[in-house]
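**Student:** build the 3D model from these lines:
(chains A, B, C and D)
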Number of protein chains: 2
Amino acid sequence: MHLNERKIRILEAIVNDYIETAEPIGSRTIAKKYDLGISSATIRNEMSDLEELGLIVQPHTSSGRVPSSKGYRLYVDRLMNRRELTKEQSDFLQNIISENINQIDYLMKQTAKALSAMTKYTTVVSEPKTKKTSIKHIQLVPLDEKSIAAVIVTENKEIKNHIIKLEAVPETDALNKISNIINNILKKYPTEQIMEDISIELDQELGGCEEIIKKVFSTVFDAVKDNDEVDFYTSGVNNILDFPEFSDIEKAKGIFRALEEKQILIDILDRNKDCAENQIQILIGDENNTELLKECSIIKTKYTVGNAVGTIGIIGPTRMDYAQTVAVLNAIVKNINDVIKALSGG
Amino acid sequence: MHLNERKIRILEAIVNDYIETAEPIGSRTIAKKYDLGISSATIRNEMSDLEELGLIVQPHTSSGRVPSSKGYRLYVDRLMNRRELTKEQSDFLQNIISENINQIDYLMKQTAKALSAMTKYTTVVSEPKTKKTSIKHIQLVPLDEKSIAAVIVTENKEIKNHIIKLEAVPETDALNKISNIINNILKKYPTEQIMEDISIELDQELGGCEEIIKKVFSTVFDAVKDNDEVDFYTSGVNNILDFPEFSDIEKAKGIFRALEEKQILIDILDRNKDCAENQIQILIGDENNTELLKECSIIKTKYTVGNAVGTIGIIGPTRMDYAQTVAVLNAIVKNINDVIKALSGG
DNA sequence: ATCAGCACTCACAAATAATGAGTGCTAACA
DNA sequence: TGTTAGCACTCATTATTTGTGAGTGCTGAT
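**Tutor:** Presented below is the predicted three-dimensional model:
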């Protein structure tokens, strides 16, 4: 059966209408609402074909049709027209994102907030991560009589603090000296090697601070190791409840549960290693392979900070407004890249 | 009308039953289920009195009774028996809370998680705050060619990082020297005074680093100023959906909206300045003065870290299990105090 | 005082009917 | 041969009716 132009126009009408109304749509409605120049009976015949092609489905006999995953796929790949944001919309993004952002995590938070506010969907922004974190600089700072903080700067400019307990805390000057020794070691050997065998390093002249240095290294490495846990920010989770398809409380609960499970989100967001820079990926319905999210679609893209890569994902019902969301995502990624350039460049 | 012992026993039965079943309870049910030695007709008469006293209400004529806010109040103040946790329960808390916690925010997160997991209610833990933050120590750390981080240690041992952009970043040794100068200034004058007039300080010998120091101070003070924004962690928000009283999606939405509004939560949690250490406060129903949360109760208590004070709050339906929740909260506060002692003492 | 008994109320559930938006199929028409 | 008017049929949704049962308040006997 051939998928002629007319069938495609009808499919388009169905998708657009369903995105708008969330109600199954019938032949008569299409005939009245969209000026296709054919009667409802003809549309009925074509719809029957579209169903046979697996592009639309009937929730039950004698109800209107609804796009299937395959139907959305076709729509997204071939029919969806690139949309531009209005002036107000891009101004809104501009304002939120550029406003005095001086730290990555704040940028992530703001991005998530802006996206969920604009799209009315749920947004997840994952922290930029490299495969292996290598440490660039360590500075020890006194906290109180019995503890110091190790401030760690990683190669991609994350800053992490870790508290270390000591019998007695040296003077600030001494701490600076120890920091220096540590940094020299870091400069000389790659992080992994030190992690493998700390003792190699301890041959050097350490000015009688072996114990502290050992403690610092072991704490820091523990921190780096458990660091493959990805952090992310979620915003607009409650928007879920505004969609009629999730007004069934059990469905809503399921989605909430999924959004609560870090691992589920990580798996989905991470599935873009194959994907090119600045490209937007769309997972429709069960394409995300998560039972709890099988009625959701996810639109996502990578963003990079140095050689670290994070992901921005927008989660909505399968009938989400793909064109609009893609436009918003495109716009925000551009803004983010500017901010990041400013952050790391100057 | 006198509130005799029998009336009180009946009220207690009503409250206990309603906490358990969430269903209005009638005289016959009480007579059958609770061995009060009186007939349903007598109970009926007494219930009529209890209603007149405002302690119970009827959702509609010819339905069972439900405790009113006043009824819960009486229950909480006079009837509720102190409960002890079972061995398993306190072990559970012990495990979650004591497990290698070395930073306040991690402790907060774990606490929120543990409480919501145990109680099945929603938990909010607010960050310990002092009225005025005074800075104890500042350490500058190189980040890249154009930026440094100011690591700030406050009097109550919070650690904050702030990125500062510079034309050119000095050597590590020079940064250490500048850090020293800054710390000397901090030692000499109270933070507020420096904040009021930075220029006072700049008379001193600054070794030609006026510009950097000025920049550091202004960044840091900005940070300290906007710091009166309280951070907090929320956990178990989705538990809301498990209560039949919130199975109406509009009600659930309202509560979610309230829990999303930082200011609402802050207002409620902060309302314990008058309250003694280690005391548990209970806000029943509309006592929290928040329209959206008028069908919720809040059980909360303060905890202190140094001279900073945070709050732990548990939010549930008005028919929440007060006795159990108070017991859990008591137990966890004890655990937390131990951890905090370990954190700051040694 | 207590309580069995009785008439009454009213939310809720089940059963029934009415509605209407949708379908597929057929036969006539351009 | 593609298009379409017409018709019988389906079925979710809504409204209506009819129990049912857990509850009440009141009364009069113990």
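**Student:** what secondary structure does A:P170 sit in?
**Tutor:** Remark: A:P170 carries the secondary structure label coil [criterion: DSSP: H, G, I helix; E, B strand; the rest coil].
**Student:** and it, how many neighbours does it have?
**Tutor:** Counted with other Cβ atoms under 10 Å in any protein chain shown, residues neighbouring A:P170 total 16. Every C-beta, even on glycine, is put in place using the N, C-alpha and C of the backbone.
**Student:** go on, A:S48?
**Tutor:** Look at A:S48: counted by other Cβ under 10 Å, it has 13 neighbours.
**Student:** helix or strand for it, which one?
**Tutor:** Assigned by DSSP states H and E, A:S48 falls within helix A:40-52.
**Student:** go on, A:E211?
**Tutor:** With the criterion set as DSSP H and E, the secondary-structure element containing A:E211 is helix A:210-225.
**Student:** so which elements touch that helix?
**Tutor:** For helix A:210-225, the elements it packs on are strand A:135-144, strand A:147-154, strand A:159-165, helix A:172-188, helix A:191-196, helix A:198-201, judged by 3 or more Cβ pairs under 8 Å, 6 or more residues apart in numbering or on different chains; DSSP states H and E.
**Student:** could you redo those as JSON lines and give each row distance to DNA strand C?
**Tutor:** Supplementary listing: the helices and strands packed on helix A:210-225 in JSON lines, determined by distance: least, Cβ to the nearest atom of the strand, whole Å:
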{"stretch": "strand A:135-144", "distance to DNA strand C": "58"}
{"stretch": "strand A:147-154", "distance to DNA strand C": "57"}
{"stretch": "strand A:159-165", "distance to DNA strand C": "54"}
{"stretch": "helix A:172-188", "distance to DNA strand C": "68"}
{"stretch": "helix A:191-196", "distance to DNA strand C": "62"}
{"stretch": "helix A:198-201", "distance to DNA strand C": "67"}
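**Student:** let's have the ones you listed in CSV, adding mean neighbour count.
**Tutor:** Listed next are those as CSV, based on neighbours: other Cβ atoms under 10 Å in any protein chain shown:
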stretch, mean neighbour count
strand A:135-144, 22
strand A:147-154, 21
strand A:159-165, 18
helix A:172-188, 17
helix A:191-196, 15
helix A:198-201, 14
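**Student:** looking at these, which is closest to A:Y75?
**Tutor:** Proximity of the helices and strands packed on helix A:210-225 to A:Y75 was assessed by Cβ to Cβ; the nearest stretch is strand A:147-154, lying at 42.3 Å.
**Student:** what segments of the stretch 1-150 of chain A are strands?
**Tutor:** Using DSSP state E, counting those that start in this stretch, the strands found in the stretch 1-150 of chain A span residues A:56-57, A:66-67, A:122-126, A:135-144, A:147-154.
**Student:** B:G313: which of the ones you listed is closest?
**Tutor:** B:G313 lies closest to strand A:122-126 among the strands of the stretch 1-150 of chain A, at 25.3 Å (Cβ to Cβ).
**Student:** one step back: any chance of the strands of the stretch 1-150 of chain A in CSV with distance to B:D248 and mean pLDDT as columns?
**Tutor:** Supplementary listing: the strands of the stretch 1-150 of chain A in CSV, determined by distance: least, Cβ to Cβ, whole Å; pLDDT from 0 to 100:
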stretch, distance to B:D248, mean pLDDT
strand A:56-57, 30, 96
strand A:66-67, 27, 97
strand A:122-126, 22, 96
strand A:135-144, 50, 90
strand A:147-154, 48, 89
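**Student:** out of the ones you listed, nearest to B:D286?
**Tutor:** Going by Cβ to Cβ, the one of the strands of the stretch 1-150 of chain A nearest B:D286 is strand A:122-126, 31.2 Å.
**Student:** circling back: nearest to B:E295, of the helices and strands packed on helix A:210-225?
**Tutor:** strand A:159-165 (41.0 Å).
**Student:** any idea whether A:L269 is helix, strand or coil?
**Tutor:** Taking three-state DSSP as the rule, one finds A:L269 in the helix state.
**Student:** so what's the closest residue in space to it that isn't next to it in sequence up against?
**Tutor:** For A:L269, ignoring the flanking residues on the chain, the nearest one in space by Cβ to Cβ, 6 or more residues apart in numbering or on different chains is A:T311 at 4.2 Å. Shown here is A:T311, whose contacts under the criterion Cβ atoms under 8 Å, 6 or more residues apart in numbering or on different chains are A:124-126, A:269-270, A:272, A:300-303.
**Student:** for chain A, which spans come out with low pLDDT?
**Tutor:** When the per-residue scores of chain A are filtered using pLDDT under 70, the ranges that remain are A:99-102, A:131-133, A:198-208, A:225-228, A:343-346.
**Student:** select the longest helix from it.
**Tutor:** Longest helix of chain A, by residue count under DSSP state H: helix A:322-344.
**Student:** packing partners of that helix?
**Tutor:** helix A:87-98, helix A:104-119, strand A:280-283, strand A:296-305, strand A:308-317.
**Student:** give me that answer again for 6 Å
**Tutor:** Packing contacts for helix A:322-344, counted by 3 or more Cβ pairs under 6 Å, 6 or more residues apart in numbering or on different chains; DSSP states H and E, involve helix A:87-98, helix A:104-119, strand A:296-305.
**Student:** pull out the buried residues from the last one.
**Tutor:** For strand A:296-305, the buried set under the neighbour-count rule, 16 or more other Cβ atoms under 10 Å in any protein chain shown, comprises A:296-303, A:305.
**Student:** A:V224: neighbour count?
**Tutor:** Using other Cβ under 10 Å, the number of residues around A:V224 comes to 20.
**Student:** near DNA strand D, which residues of the stretch 51-200 of chain A show up?
**Tutor:** When proximity is defined as Cβ under 7 Å from any atom of the strand, the stretch 51-200 of chain A approaches DNA strand D at A:59-63.
**Student:** I'd like these as JSON lines, with neighbour count and distance to DNA strand C appended.
**Tutor:** Below are these laid out as JSON lines (neighbours: other Cβ atoms under 10 Å in any protein chain shown; distance: Cβ to the nearest atom of the strand, whole Å):
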{"residue": "A:P59", "neighbour count": "9", "distance to DNA strand C": "10"}
{"residue": "A:H60", "neighbour count": "6", "distance to DNA strand C": "10"}
{"residue": "A:T61", "neighbour count": "5", "distance to DNA strand C": "7"}
{"residue": "A:S62", "neighbour count": "6", "distance to DNA strand C": "4"}
{"residue": "A:S63", "neighbour count": "12", "distance to DNA strand C": "6"}
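**Student:** re earlier: quick check: which of the helices and strands packed on helix A:322-344 is nearest to chain B?
**Tutor:** Using Cβ to the nearest Cβ as the criterion, the shortest distance between chain B and those is 9.4 Å, found for helix A:104-119.
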